[in-house]
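J.: Next input, structure requested:
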Amino acid sequence: IKDKTPPNISCLPTKNVSTNVGDCTAGFLIPQADVTDDCSDFTMQFQSSAGFVSGNLLMNVPLGQNILTYTATDECGNQSQCQTEVNVHDGLAPTILCKPSKTVSLTSDGKATISAATFDNGSYDNCGPLELKVRRMDDGCFADTTFADYVRFCCDDIGTSVSVIMEGTDWYGQKSTCMI
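T.: Okay, the predicted model is just below:
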């Protein structure tokens, strides 16, 4: 009598994972599939459409939809496979770093326009570029507290500390702020 029946393997539901801190890929422990075999023991192997497998760890999986294939092989060489979708998304907000302070000089007409980048002290995101915007914490001379590419100052600000908030938005719409 020879075992010609492959193991029974049940695919797992879609797995959603966030990117790692510090880079734009994911790594995670591969969840075990439900496998049974009537006549013998079995081994399990994993293959991924992206990233690489080391034991039961899947690493360097890029953003987007990826396929993880499970292969169960019993002692007689019978095999079964199933696949599950692994969706990697950027679940991390950007890190926004403001300079501790900034002295602003007004022009001869008593005004200054300072870009958001002037207040930046090395802000970053794990998955790409940032859009930096800035605004005053008060309505000040220009009665404007909306985020913009720049912030304005005027003669009324001379001798005062004006609080400014900088906002960074990553490629996926996640936001963080810091204050100067």
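J.: Can you tell me the closest non-neighbouring residue to G128?
T.: Excluding the flanking residues, the one nearest G128 by C-beta to C-beta, 6 or more residues apart in numbering is W171, at 4.4 Å. All C-beta atoms are positioned from the backbone trio N, CA, C, and that covers glycine.
J.: ok, V35 to Q45 distance?
T.: From V35 across to Q45, the span is 12 Å (C-beta to C-beta, to the nearest Å).
J.: between these two, which one's more packed in?
T.: Between V35 and Q45, counted using other C-beta atoms under 10 Å, the more crowded position is V35 (17 against 12).
J.: quick one, what contacts that one?
T.: Contacts for V35 (C-beta atoms under 8 Å, 6 or more residues apart in numbering) come out as P7, N8, I9, S10, F42, M44, A72, S80.
J.: can you pick the most crowded of the residues you listed?
T.: P7 (23 neighbours).
J.: wait, isn't that residue in contact with S80?
T.: Yes - between P7 and S80 there is a contact under C-beta atoms under 8 Å: 5.0 Å.
J.: Mutual contacts of the two, please.
T.: Both P7 and S80 are in contact with V35, A72, where contact means C-beta under 8 Å, 6+ apart.
J.: Can I take it that A26 is in a strand?
T.: Yes - according to DSSP: H, G, I helix; E, B strand; the rest coil, A26 belongs to a strand.
J.: Local confidence estimate at it?
T.: On pLDDT, A26 comes in at 95.
J.: Please apply the same query to I1.
T.: Model confidence at I1, given as pLDDT, is 66.
J.: Who are the contact partners of the residue lying closest to V164 once chain neighbours are set aside?
T.: Spatially, and ignoring its direct neighbours in sequence, V164 is nearest to I180 (4.6 Å; C-beta to C-beta, 6+ apart). Listed by C-beta under 8 Å, 6+ apart, the contact set of I180 reads C98, K99, P100, S101, K102, F119, S163, V164, I165, M166.
J.: circling back: the residue nearest to G128 touches N126, doesn't it?
T.: No - assessed by C-beta under 8 Å, W171 is found out of contact with N126, at 10.4 Å.
J.: quick one: common contacting residues for those two?
T.: D90.
J.: Which one's more surrounded, those two?
T.: Neighbours per residue (other C-beta under 10 Å) separate W171 from N126, with N126 holding more: 19 against 15.
J.: Low-confidence bits of this structure, can you list those?
T.: Across the chain, the ranges flagged by pLDDT under 70 are 1.
J.: Run through who's touching the one helix or strand I67 maps to.
T.: Here I67 is covered by strand 64-74, with elements defined by DSSP states H and E. By C-beta under 8 Å, 6+ apart, the residues outside strand 64-74 that reach it are 3, 6-7, 9, 11, 15, 30, 33, 35, 37, 39-51, 58, 79-88.
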